[in-house]
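Engineer: Fold the following for me, if possible:
(chains A and B)
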Amino acid sequence: MAERAARGLVRAVGAGFRYGADVALRDLDLEIAAGDRVVLLGPNGGGKSTLVRLLLGLLEPTEGEVRWLRPRAEIALGYVPQFPAFDRGFPIRLEEMVRLGLLRGRRGRTAAGESASRVDEVLAELGLQALRGAYLSELSGGETQRALLARALVARPQLLVLDEPTASLDEASRRALWARLETLPAETAILLVTHDLAPGTFAPTRALFVDREANPFPLAGLGSHPALCGHGHDGAPSR
Amino acid sequence: MNELAALLELDFFRHALLAATLASLLAGVVGTFVVLKRLVALGGGVAHAAFGGLGVAYWAGLPPRLGAVAVAALSAVGLGLLDGERARRQDAAIGVIWAVGMAIGLVFLHWTPGYAPNLLGYLFGDILTVTESDLALAALADLLLLGALGLGGRRLVAVAFDEEAARVQGLPVRLYGIGLLLLVALSVVVLLQLVGIVLVIALLSLPPLVARRLVRSLAATLAVAVGACWLATTGGLLLAYRFDLPTGPAIVLLAAALLGLAQLVHRRPVRRAPARASRGSPVRSGRNRRSGRRA
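Structural biologist: Prediction:
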């Protein structure tokens, strides 16, 4: 228990969020620690992305609290959003975008040499070398998704948050993504939102069912992984 | 040529050229971020709100520029705090400060005894009347801009590109956002001497739009925007002299003509991007695809 506490990254206690009068999420109790592999399942509009945005600090909870368990500046986060917030017409090349992912806090600069080699490394891992000079407006949806993953991975995140990362990917790219996640250091925590949890893809240590009609609750039966494939409804909720 | 040499002998003309050069750096760089961040309407609101500050300062016997700086900075930061989910409120707030700023300025102008020619100069600008203190303010603003870019240029780009990602990375997004808005406010105050409050937003938007049609990288966009702004301001100044036109509108119309030319050049045949040529897939943006069919 004490060991897990030492590995803790972020904790939500009774957290909820309302968009005006609409309840998007309520009574969320969740802690993510180093090495956790958590998958969020649930219907469209169920509040999964809201949960992610609360944990990342992009939304302030309207109820309860979300707090970092280590100084925020010490936690490197990687985030692949479901819908990128940037303008695809922004005059920036893929390589430059990935390099921006190395920026951290007010200080925490990365040495220029290290940053160049790290960017090269990530672009190579994700098969993006040929696209490094391309502008974002020239990328397809799948290529943009891979570029976002590269930006999320470049700073060696302790918590990697992936919101529907396979939505625009073809089958080969999906397999490459799952394989890449397997190679991440064991201490990297991953929070995944997906509708694409087929056997042999991503092996979560925990699954959470999120639906705005009910409080988020854990799903049992992770050992029988295929049971989660029906978006969690058949996953024998353990409430 | 002799006519130009004779013009350069005149102090006021040399001042005007220097003002155009100093202001072009500011307008080109800040304007590029204004266009990329879609802050053009906000810039217009701040410029018109500044008129209220001018009017009040003029009525109170204070330097009008001081009132403009204070109100421009306050309104820019105030509008900037209404971001994100409150974007609709920001849009409405821009309309409010735009109209109320102008109304306050006009009321205080009305209450000020006598005629206030300088204040009307602020409305439509007159680059030929710049003083040494105007030049000092423009130089100071340029120094602040260069300092800000030197200290946090990459972070400013990160925030301008993707505010959400910057926040996740722990960058001080609000600090950089407010810093950018203060630069917008400062630019407005410097530029209003050249083209006036009514036309100031043109200098913050037209040169970057010209650049966006001619080049692709951010560094080139910034450089070309500065160059286009310099061309418009100095060229407009000469046109105004040659054809006896008001300088502010001459500058803005020349900038608009440059945009028209850039738009024509922009419809060029497709170029292949070397980065992707290696995998046998030509890079074509949607716009280039259209121009490709025309070619």
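Engineer: backbone phi and psi for residue A:18, please?
Structural biologist: Dihedral angles of residue A:18 (phi, psi; degrees, to the nearest 10) stand at phi -120, psi 140.
Engineer: Roughly how far does it sit from residue A:12?
Structural biologist: Taken as CB to CB, to the nearest Å, the spacing of residue A:18 relative to residue A:12 amounts to 15 Å. (Glycine included, C-beta is placed from N, CA and C.)
Engineer: the more surrounded of those two?
Structural biologist: A direct count of neighbours by other CB atoms under 10 Å in any protein chain shown for residue A:18 and residue A:12 places residue A:12 higher, at 22 against 14.
Engineer: quick one, what contacts that one?
Structural biologist: The neighbours of residue A:12, taking CB atoms under 8 Å, 6 or more residues apart in numbering or on different chains as the test, are A:28, A:29, A:30, A:31, A:54, A:55, A:61, A:64, A:65, A:66.
Engineer: Identify those among these that sit within helices.
Structural biologist: Counting by DSSP state H, the members of the contacts of residue A:12 that fall within helices are A:54, A:55.
Engineer: In strands, which of the contacts of residue A:12 appear?
Structural biologist: Among these, DSSP state E puts A:28, A:29, A:30, A:31, A:64, A:65, A:66 in strands.
Engineer: Excluding covalently adjacent residues, which one is nearest to residue B:227?
Structural biologist: The shortest distance from residue B:227 to any residue other than its chain neighbours is 7.3 Å, reached at residue B:28 (CB to CB, 6 or more residues apart in numbering or on different chains).
Engineer: For the one you found, what are phi and psi?
Structural biologist: Reported as degrees, to the nearest 10, the phi and psi values for residue B:28 are phi -60, psi -50.
Engineer: Just say helix, strand or coil for the residue in chain A positioned nearest to chain B.
Structural biologist: For chain A, the residue closest to chain B is residue A:133, as judged by CB to the nearest CB, at 3.1 Å. In three-state terms, and counting by DSSP: H, G, I helix; E, B strand; the rest coil, residue A:133 is coil.
Engineer: Need the pLDDT of it.
Structural biologist: With respect to pLDDT, residue A:133 has a value of 94.
Engineer: If we go by neighbour counts, what in the helix or strand containing residue B:23 is buried?
Structural biologist: When elements are assigned from DSSP states H and E, residue B:23 belongs to helix B:11-36. Buried residues in helix B:11-36, counted by 16 or more other CB atoms under 10 Å in any protein chain shown: B:13, B:15-36.
Engineer: ok, now which ones touch residue B:126?
Structural biologist: By CB under 8 Å, 6+ apart, residue B:126 lies in contact with B:193, B:196, B:246, B:247, B:248.
Engineer: Can I get these in CSV including distance to residue A:73 and secondary structure?
Structural biologist: Formatted as CSV, those follow (distance: CB to CB, whole Å; DSSP: H, G, I helix; E, B strand; the rest coil):
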residue, distance to residue A:73, secondary structure
B:193, 43, helix
B:196, 46, coil
B:246, 54, coil
B:247, 51, helix
B:248, 48, helix
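Engineer: Please, a ChimeraX command that selects the buried ones among these?
Structural biologist: Typed into ChimeraX, the line below selects the buried ones among these, using 16+ other CB under 10 Å:
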select /B:193,196,247,248
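Engineer: That'll do, ta.
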